[in-house]
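Novice: What would the 3D arrangement of this be:
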Amino acid sequence: MGGWTATGISLLAVFSLWGTGHPIWVSFAVAAAVLNFWSHGVMHNHAMRSAKDRHDRLRRAMVEGGASQEELDRMDTKIINIDCRDADSAPDWLVWVNLPASLAGLVLLIVGIVVRLR
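Specialist: All right, here's what the predicted structure looks like:
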């Protein structure tokens, strides 16, 4: 699941469980939302750092290759986009934090819907 999607689902779980008389489930949903938000942010930071390193290596190669200042300025004004290669830079343990938190948020949303419909 996407980071914002998983966080949104967990937040929906919080709202669906709020006021149902199940404070433990609400606490778990809040914890899932916080973990989803945190792990998504950290994974994004790893990917962004990887993209920035790739950009810096390319710029250094341009300088060593004798690029003009105009070319370097044009390179510096480009937006640094995250690539598929950059997404692999996130450590595996972080994925193992994000996956259970995402699944917990989804399950708690389903529980919240069932509790509300009863």
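
Novice: Let's verify the residue located most distally from the centre of the chain: helix, strand, or coil?
Specialist: Farthest-out residue of the chain from its mean C-alpha position, per CA atoms, centre = their mean: residue 66, at 37.9 Å. Local secondary structure at residue 66 is given as coil here, using DSSP: H, G, I helix; E, B strand; the rest coil.

Novice: again with residue 56
Specialist: Assigned by three-state DSSP, the conformation of residue 56 is helix.

Novice: Near it, how many residues? Count them for me, please.
Specialist: Residues lying near residue 56 (other CB atoms under 10 Å) number 11. The C-beta positions use only the backbone N, C-alpha and C, and glycine is treated the same way.

Novice: And the pLDDT at it?
Specialist: At residue 56, the pLDDT value in this model is 93.

Novice: now the one 4 residues further on
Specialist: The score at residue 60 is 93. That number is its pLDDT.

Novice: Please pull out the lowest mean pLDDT helix or strand from this protein.
Specialist: helix 84-87 (a mean of 86; mean pLDDT, DSSP states H and E).

Novice: picking that back up, distance of the residue farthest from the centre of the chain from residue 73?
Specialist: According to CB to CB, to the nearest Å, residue 66 and residue 73 sit 15 Å apart.

Novice: low-scoring pLDDT stretches of this protein, where are they?
Specialist: Along the chain, the parts satisfying pLDDT under 70 run over 1.

Novice: picking up where we left off before, would you mark the buried spots in the least confident helix or strand of the chain?
Specialist: Across helix 84-87, burial judged by 16 or more other CB atoms under 10 Å covers residue 86.

Novice: C-terminal to that helix, what's the next element?
Specialist: helix 92-117 (DSSP states H and E).

Novice: which residue packs closest to residue 11, ignoring adjacent ones?
Specialist: residue 33 (5.1 Å; CB to CB, 6 or more residues apart in numbering).

Novice: That neighbour is in what secondary structure piece?
Specialist: Using DSSP H and E, residue 33 falls within helix 23-64.
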